[in-house]
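> This is the structure alone, sequence omitted:
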DNA sequence: CGATAATCAATCAAAAACGATCAAACGGAG
DNA sequence: CTCCGTTTGATCGTTTTTGATTGATTATCG
């Protein structure tokens, strides 16, 4: 029997049985245990099975689809509070853009009571949540990046430019000591820059952990943002006294 | 019993019971208490349970983004087999389009061994799965429809037109008695029509339940498709004898 | 609060499974 | 037929898993 044929038989046995031990396979296919182990190692390398000590498990078709579970995001509680406050700035029938980030992800929970709003986002987990809440949702297209499950790049930027956005809600990686928002990658800054340009009003969600953090790419000075929602009084130092109404500390 | 199998059984027991003691688990699964404790420690490490003194509690999945769970799709096993066959038609470095449907969803599981492929899709669950498998994935933008979690409409169509697609994999709602593919809504047929137009080769996944089913909108005659993958011999009747190589019955 | 019972984490030894290695068997290419 | 690369099975030392035991910790109830 050919090796590939044996692989197929292992996979079909596994599909039926869900779990199988190496010893059983060895008997069913009349080959030795080391051979079965080598087969299982190869099938695991191809991501076709899940290896477990003693045997293997199918990769069930039950894999839950979007894994970004925000209980695991750092500071989830603080970010949730920022999102709750941000949602109060949304009016009925608004067209808003929510930029993809773990900070803004939870906004989906606070928009259900708005009437006739439309949300545009480049974040797939956020888009999925919004749709499930019954909110009219557009997602930008383009390449999807694995670690953030979000769209960046020229396709997404082109998409945004087709809209006149009432309010943009976004976050970023850090705010350096000069009060400039910064990000660790260029595509991220680019899409945010475009979104800022297309929006009548910009709202920046800034939890305390971002303050004083400098990453390679500059976005814009924080003073050019219309509203900053934060959980830290320190943000005030980055604005002039007469700009106090731009800042919401919760 | 494999360790992974035991983990799964613990989780499914927990899902039913909400709470379970370590002692009960030990008796139900015929393993010792220390083993159960080690299992529970591991499951807690994976954030799949909440450990409590004496036993374990389920994590109520209130906020996990789990939109389209394809265990619930009808005929999932047959569709999976169609997908496996379809994947064999993908070559290394191909640019392929996979249209959103429950039929094509499982193709994500059979593409891991292809080198350098790029997949475009209008289905968000599929896109998410592909990205997680490490496959370069583009998703069309546009409005998201709640029941299918997919993009339809002119944005998505524009997006597709930017690509020269090697192979299109798609399904549809039904194939009527005249051998014409049909769909229940216009946007669906539209995007499929565009995708067919942009693709060098078209592959139609047709499980038996679709045959003889007529819905309002005509897409194209089945004879214009390059390859049909089906689990029913009946499809042959819709083609001329000399076109037999267009049909793959599994 | 304190005593008792249950549960826990840590440790250890036995058994099972593992990976690495090597030689034999196999199968085309020359 | 021979050569060379591939695949396979046997062997062996190592690692992993498991259940028993023990002392520590935690919950329960009078």
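Sure, I can see it. No experiment lies behind these values; they were computed from the predicted model shown.

> those helices in chain A, which residues are they?
Along chain A, counting by DSSP state H, helices occupy A:3-17, A:22-29, A:33-45, A:76-87, A:124-132, A:154-160, A:186-197.

> per-domain residue ranges of chain A.
Recorded structural domains for chain A (assignment: automatic domain parsing) are A:3-58, A:76-249.

> what's the first-to-last distance across the longest one?
By that I understand domain A:76-249. Start-to-end span of domain A:76-249 (CA to CA, to the nearest Å) is 17 Å.

> ok, now the shortest one?
This stretch, domain A:3-58, spans 19 Å end to end (CA to CA).

> do you know how far the residue nearest to residue A:149 when sequence neighbours are not counted is from DNA strand C?
Nearest residue to residue A:149, sequence neighbours excluded (CB to CB, 6 or more residues apart in numbering or on different chains): residue A:124, at 4.6 Å. For glycine as for every other residue, the C-beta is placed from the backbone atoms N, C-alpha and C. Distance, residue A:124 to DNA strand C, by CB to the nearest atom of the strand, to the nearest Å: 35 Å.

> returning to that earlier point: deepest of the helices of chain A, which one?
Neighbour counts (mean count of other CB atoms under 10 Å in any protein chain shown) averaged over each of the helices of chain A peak at helix A:124-132, with a mean of 25.

> Mind listing residues that contact it?
The contact list for helix A:124-132 (CB atoms under 8 Å, 6 or more residues apart in numbering or on different chains) reads A:65-66, A:68, A:98, A:100, A:104-105, A:107-109, A:111, A:119, A:121, A:137, A:139, A:144, A:149-151, B:65, B:67, B:124, B:127-128, B:139, B:144-146, B:149.

> what is the orientation angle of that helix with helix B:124-132?
160 degrees (axes from the mean of the first three to the mean of the last three CA atoms, to 10 degrees).

> Residue A:108 is in contact with residue A:87, correct?
No: with contact defined as CB atoms under 8 Å, residue A:87 does not count as touching residue A:108 (9.4 Å).

> Quick check: closest non-adjacent residue to residue A:43.
residue A:49 (4.6 Å).

> got the contact list for that neighbour?
Residue A:49 touches A:10-11, A:14, A:40, A:43, A:56-59, counting by CB under 8 Å, 6+ apart.

> got any ranges where chain A has weak pLDDT?
Low-confidence segments of chain A (pLDDT under 70): A:60-74.

> Find the residue at the geometric middle of it.
Residue closest to the mean C-alpha point of chain A, counted by CA atoms, centre = their mean, is residue A:148 at 4.3 Å.

> Count the neighbours of the nearest residue to that one once chain neighbours are set aside for me.
Sequence neighbours aside, residue A:100 is the residue nearest to residue A:148 in space, at 6.2 Å (criterion: CB to CB, 6+ apart). Here the number of neighbours of residue A:100 (other CB atoms under 10 Å in any protein chain shown) works out to 29.

> Dump the helices of chain A to JSON lines, plus distance to DNA strand D.
As requested, those are exported to JSON lines (distance: least, CB to the nearest atom of the strand, whole Å):
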{"stretch": "helix A:3-17", "distance to DNA strand D": "5"}
{"stretch": "helix A:22-29", "distance to DNA strand D": "8"}
{"stretch": "helix A:33-45", "distance to DNA strand D": "3"}
{"stretch": "helix A:76-87", "distance to DNA strand D": "24"}
{"stretch": "helix A:124-132", "distance to DNA strand D": "32"}
{"stretch": "helix A:154-160", "distance to DNA strand D": "42"}
{"stretch": "helix A:186-197", "distance to DNA strand D": "39"}
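
> what about residue A:2, distance to residue A:39?
Relative to residue A:39, residue A:2 is positioned 12 Å away (criterion: CB to CB, to the nearest Å).

> For residue A:145, list the residues it contacts.
Residue A:145 is in contact with A:151-152, B:131, counting by CB under 8 Å, 6+ apart.

> for residue A:50, same thing?
A:44, A:56-59, B:4 are the contacts of residue A:50 under CB under 8 Å, 6+ apart.

> Could you pull up the residues touching the closest residue to residue A:109 other than its chain neighbours?
Distance criterion CB to CB, 6+ apart; nearest residue to residue A:109, sequence neighbours excluded, is residue A:83 at 7.2 Å. When contacts are counted by CB under 8 Å, 6+ apart, residue A:83 touches A:103-107, A:109-110, A:205.

> go with 7 Å
A:104, A:106-107, A:110 (CB atoms under 7 Å, 6 or more residues apart in numbering or on different chains).

> Serialize the residues you listed to TSV and add fields for distance to residue B:24 and neighbour count.
Listed next are the contacts of residue A:83 as TSV, based on distance: CB to CB, whole Å; neighbours: other CB atoms under 10 Å in any protein chain shown:
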residue	distance to residue B:24	neighbour count
A:104	43	22
A:106	36	23
A:107	41	25
A:110	40	17
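
> And the residues you listed, which is closest to DNA strand D?
Closest approach between the contacts of residue A:83 and DNA strand D, by CB to the nearest atom of the strand: residue A:106, at 31.0 Å.

> close enough to count as contact, that closest one and residue A:78?
No: look at residue A:106 against residue A:78 with CB atoms under 7 Å: they stay out of range, at 10.5 Å.

> Identify, by residue count, the longest strand of chain A.
Longest strand in chain A, counting residues (DSSP state E): strand A:199-206.

> Tell me how far the closest residue in space to residue A:155 that isn't next to it in sequence lies from residue B:153.
With CB to CB, 6+ apart as the criterion, residue A:155 has its nearest non-adjacent residue at 3.3 Å, and that residue is residue A:142. Distance, residue A:142 to residue B:153, using CB to CB: 16 Å.

> Comparing the two, which shows the higher neighbour count?
Using other CB under 10 Å as the criterion, residue A:142 and residue B:153 rank with residue A:142 on top: 25 against 18.
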